[in-house]
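Trainee: My questions concern the predicted model and sequence given below.
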Amino acid sequence: MKTNTFNKNEKETFREIRATIEKYQSIVILGHTHPDGDAIGSAQSLSLALKKNYPKKQIYTPYKEKSNWDRVLPVVYSDITNLKWEDSLVILVDCHELSRTNYGEMKPKTMIAIDHHQFIQAPSFLYWIDASRVANCELIYEFLNLNQWIDSVDIASFLFLGIFTDSGSFRFKGVNQRTFSIISKLFSWPIPYQKIEYRENNKTRQDIENFRYLLDNVDWYPQGLFFYYKAADQKNFPVANEKVFTMHINYFRKIEDKKIWVFFTQLKPNDPIRVNARSIGKYDVAKICLQFGGGGHQNAAGCTLKTWADVEQFKSLVEKEWVK
C-alpha cells in the first residue's frame with residue numbers, strides 16, 4: 001500500500017509493519033549499496049529501537065563496506081555468516097528493491113520497504129513509500145515516534161544524521177515545516193550535531209586534489225555540465241570508488257544558470273557505468289534515471305548504464321530536459 005501524507009491510512013500501514021515485525025525472530029535491516037548517511041541512519045535507528053523493545057529477537061544490520069560515520073556514531077556491523085535468510089524478515093530502508101542492496105541474490109521469505117524514492121512499479125510486498133520526504137529518516141522517525149520508541153540519544157542522533165545529510169544541511173527541495181518540527185523534537189536529546197556537521201563537510205588534502213581533477217575534466221555547457229571518468233583514466237589518476245568525485249557533486253548547485261549536471265563513472269573496463277545526476281527547480285533527473293532502471297528524486301537521482309553508447313542516449317535526454 002502507498003500513502004503520501006501522514007494520515008490514518010499511514011497509521012494503519014505502521015500497525016501492519018509492526019505486526020509483521022512481531023511475527024519474526026530474525027530481522028535483517030538493509031540499506032542500498034554504498035550507504036550514505038540517510039541509509040545508515042535509517043537502519044541503525046530502527047535496529048536500536050527494535051533491539052530495545054524486542055530484546056529476544058535477533059536484529060541484524062550487515063554491511064559489506066565500512067562507513068565513515070562510525071567515527072562519530074556507534075554503527076553496528078552485524079555478522080550474518082550463519083543467518084537463515086529463508087526464516088528472516090528483511091526490512092529495506094532508503095530503497096525498495098533487494099537488488100539495490102549488497103544482498104540481492106538472497107531469498108528472504110518476507111520483506112518490508114520503507115523508502116522515499118520515486119518508482120515506476122510498486123513493490124509486491126508491504127511498503128511505505130513517500131517521495132515527498134527529504135530524507136528516509138523522516139519516515140523512520142514517524143514510525144518510531146508513533147510507537148514511542150525514540151528513547152535514547154543514539155536513536156535520535158542516527159535520525160538526525162539521516163535528515164541532516166540527505167537534506168544537504170537543510171538546503172534541498174523537500175525541507176519544510178515538518179522537517180524542522182522533527183529536528184526540534186530530536187534536539188530534546190544531546191545530539192552530537194557539531195561532530196556530525198564536521199564529518200559531513202570536512203575535507204582532506206586528497207579530497208581537494210580529487211576536486212581539482214574533477215574541475216579540470218568537466219565538460220561545460222550553458223545549461224549544465226557532464227563529468228566522465230573512464231576505466232582508462234585509472235592510469236593517470238587512480239581512484240578507489242566514485243565517491244571521491246560524487247562527494248563534490250552538490251558544489252555545482254552554486255554555479256549560476258546550471259540546470260542539470262551529471263557524473264558518469266566507470267572504474268574497471270567491464271564495470272557498469274555509474275550515473276549520478278543532480279538538478280535544480282523544475283528540471284527532473286529522476287524521470288530520466290527511471291528509464292534506465294534507476295530512480296531517486298526530481299533533483300537528485302542515479303542509475304547504472306552498460307555502455308558508453310548508453311551514456312550518449314542518457315545525455316540526449318538530459319539536453320531535452322534542460323531546454324524545456
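Mentor: That came through, no problem.

Trainee: and the regular element (helix or strand) spanning Asp154, which residues are buried?
Mentor: Using DSSP states H and E, Asp154 sits in helix 153-166. Neighbour-count burial for helix 153-166, counted by 16 or more other Cβ atoms under 10 Å, picks out 154-166. The C-beta positions use only the backbone N, C-alpha and C, and glycine is treated the same way.

Trainee: One more: stretch 282-290?
Mentor: Neighbour counts over stretch 282-290 (16+ other Cβ under 10 Å) mark Tyr283, Asp284, Val285, Ala286, Ile288, Cys289, Leu290 as buried.

Trainee: so how far is the first residue of that stretch from its last?
Mentor: Start and end residues of stretch 282-290 are separated by 17 Å (Cα to Cα, to the nearest Å).

Trainee: chain center to it: distance?
Mentor: 16 Å (Cα atoms, centre = their mean, to the nearest Å).

Trainee: Let me see the mean pLDDT of it.
Mentor: Averaging pLDDT along stretch 282-290 gives 94.

Trainee: How many residues are close by Leu186?
Mentor: Neighbours of Leu186 under the rule other Cβ atoms under 10 Å: 23.

Trainee: and it, what are its phi and psi?
Mentor: Backbone torsions of Leu186, given as degrees, to the nearest 10, read phi -60, psi -30.

Trainee: Equivalent analysis for Ala49, please.
Mentor: Per degrees, to the nearest 10, the backbone of Ala49 is at phi -70, psi -40.

Trainee: Show the end-to-end separation of stretch 99-113, please.
Mentor: Stretch 99-113: ends 13 Å apart by Cα to Cα.

Trainee: What of stretch 268-283?
Mentor: Using Cα to Cα, the two ends of stretch 268-283 sit 31 Å apart.

Trainee: tell me the mean pLDDT for stretch 171-190?
Mentor: Stretch 171-190 shows a mean pLDDT of 95.

Trainee: Kindly indicate which of the buried residues of helix 153-166 lies nearest Pro272.
Mentor: Nearest to Pro272 out of the buried residues of helix 153-166 is Asp166 (Cβ to Cβ; 24.0 Å).

Trainee: Roughly how far does that closest one sit from Asp216?
Mentor: As judged by Cβ to Cβ, to the nearest Å, Asp166 and Asp216 stand 29 Å apart.

Trainee: which stretches of this protein have low pLDDT?
Mentor: The model of the chain has pLDDT under 70 over residues 1-8.

Trainee: the domain parsing of it - what is it?
Mentor: For the chain, automatic domain parsing gives the domain ranges 8-200, 205-321.

Trainee: highest average neighbour count across those?
Mentor: Across the domains of the chain, the average number of neighbours (mean count of other Cβ atoms under 10 Å) peaks for domain 8-200, which reaches a mean of 18.

Trainee: Now do the helices in the stretch 101-250 of the chain.
Mentor: Assigned by DSSP state H, counting those that start in this stretch, the helices in the stretch 101-250 of the chain fall at 136-146, 153-166, 177-186, 193-201, 205-216, 243-246.

Trainee: then the fifth one to CSV, C-alphas only?
Mentor: Presented in CSV, the C-alpha positions along helix 205-216 are these (Å, rounded to 0.1, in the frame of the first residue of the first chain):
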residue,chain,number,x,y,z
ARG,A,205,44.0,17.4,1.1
GLN,A,206,43.3,14.4,-1.1
ASP,A,207,39.7,15.4,-1.4
ILE,A,208,40.9,18.8,-2.7
GLU,A,209,43.1,17.1,-5.2
ASN,A,210,40.2,15.0,-6.4
PHE,A,211,38.1,18.1,-6.7
ARG,A,212,40.8,19.8,-8.8
TYR,A,213,40.9,16.8,-11.1
LEU,A,214,37.1,17.0,-11.4
LEU,A,215,37.1,20.6,-12.3
ASP,A,216,39.8,20.1,-14.9
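
Trainee: neighbouring contacts of that helix?
Mentor: Lys203, Phe227, Phe237, Val239, Val244, Phe245, Met247, His248, Tyr251 (Cβ atoms under 8 Å, 6 or more residues apart in numbering).

Trainee: can you put the residues you listed in JSON lines and add distance to Phe143?
Mentor: As requested, these are arranged in JSON lines below (distance: Cβ to Cβ, whole Å):
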{"residue": "Lys203", "distance to Phe143": "34"}
{"residue": "Phe227", "distance to Phe143": "37"}
{"residue": "Phe237", "distance to Phe143": "44"}
{"residue": "Val239", "distance to Phe143": "37"}
{"residue": "Val244", "distance to Phe143": "34"}
{"residue": "Phe245", "distance to Phe143": "34"}
{"residue": "Met247", "distance to Phe143": "29"}
{"residue": "His248", "distance to Phe143": "33"}
{"residue": "Tyr251", "distance to Phe143": "34"}
